[in-house]
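Chemist: how does the following fold in three dimensions:
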Amino acid sequence: MPKVKLTVTESKCRGGYCKKGDIFIIEDLCPPICHELWNCMYPLIYAIQNGADLDYGNIRSPQFDMKCPDSGRVSIHGERIDN
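Modeler: Below you'll find the model as predicted:
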């Protein structure tokens, strides 16, 4: 199964889980981030791990940008990385 690389692009995380520049490689387990953000991202991660291309601006691509449900305090860029 392809891996997904998550990069924290901005962070004002109240819980201290995410810091700008953090990188997580997702294979099958949740990384050490808050459950609220993980629950928002997981459907997109699952989709691109299984071959989906998502709407990304004017193109379709195996990547996404996500903001934390806590007023967008954390921004993450996710992208499929093929082995």
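
Chemist: what is the neighbour count of the nearest residue to residue 30 once chain neighbours are set aside?
Modeler: In this structure, residue 30 finds its nearest non-sequential neighbour in residue 38, 5.3 Å apart by CB to CB, 6 or more residues apart in numbering. (Glycine included, C-beta is placed from N, CA and C.) By the criterion of other CB atoms under 10 Å, residue 38 has 16 neighbours.

Chemist: hang on, residue 38 is in a helix, isn't it?
Modeler: Yes - assignment of residue 38 by DSSP: H, G, I helix; E, B strand; the rest coil places it within a helix.

Chemist: ok, now how distant is residue 5 from residue 58?
Modeler: 22 Å (CB to CB, to the nearest Å).

Chemist: ok, the two, which is more surrounded?
Modeler: Each of residue 5 and residue 58 has its neighbours counted (other CB under 10 Å); residue 5 has more, 14 against 5.

Chemist: how close does the residue nearest to the more buried one when sequence neighbours are not counted get to residue 2?
Modeler: Nearest residue to residue 5 in three dimensions, chain neighbours excluded: residue 81, at 5.0 Å (CB to CB, 6+ apart). Applying CB to CB, the value for residue 81 to residue 2 is 7 Å.
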